[in-house]
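Participant: coordinates only, sequence not included:
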């Protein structure tokens with residue numbers, strides 16, 4: 001198991017290592033490594049009491065895609081082929097221009 005740990009200096013007293021929920025614990029030590037080790041001991045003691053950390057999968061509500069209502073809207077438009085041709089001509093012209101970015 002991996003948990004995020006905040007390590008911060010304590011004025012004139014070494015370091016404090018703390019974790020957030022669901023295992024909100026804190027421990028201090030003369031060095032940052034000692035503070036982290038002390039926090040690890042507290043976490044192990046807490047887990048030894050039968051506490052479990054689990055992940056719950058919850059299905060997110062499916063949002064409607066706003067583009068779906070517009071899909072295919074130009075399918076039968078007689079000008080659509082002209083628009084595609086113009087786009088292709090512009091693309092070819094741009095690709096042939098060495099100064100085009």
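Facilitator: That came through fine. Just so we're clear, the structure is a prediction, and the values are computed from it rather than from any experiment. Numbering: from 1, shown residues only.
Participant: and the strands in the protein?
Facilitator: Using DSSP state E, the strands of the chain run over residues 5-10, 14-19, 26-29.
Participant: give me the contact list for the second one.
Facilitator: The reference is to strand 14-19. For strand 14-19, contacts defined as CB atoms under 8 Å, 6 or more residues apart in numbering pick out 3-10, 24-32, 34-36, 38-39, 43. From N, CA and C alone the C-beta is placed, and that goes for glycine too.
Participant: tell me the pLDDT of the most far-flung residue of the chain relative to its centre.
Facilitator: Relative to the mean C-alpha coordinate of the chain, counting by CA atoms, centre = their mean, the farthest residue is residue 78 (44.9 Å). pLDDT, residue 78: 87.
Participant: for it, phi and psi?
Facilitator: Backbone torsions of residue 78, given as degrees, to the nearest 10, read phi -60, psi -20.
Participant: about what we covered before: buried only: go through the contacts of strand 14-19 for me.
Facilitator: 5, 25, 27, 29, 32, 35, 38, 39, 43 (16 or more other CB atoms under 10 Å).
Participant: what's the closest of those to residue 90?
Facilitator: Comparing these against residue 90 with CB to CB picks out residue 5 as the nearest, at 55.3 Å.
Participant: nearest to residue 89, out of the strands of the chain?
Facilitator: strand 5-10 (58.9 Å).
Participant: no further questions, thank you.
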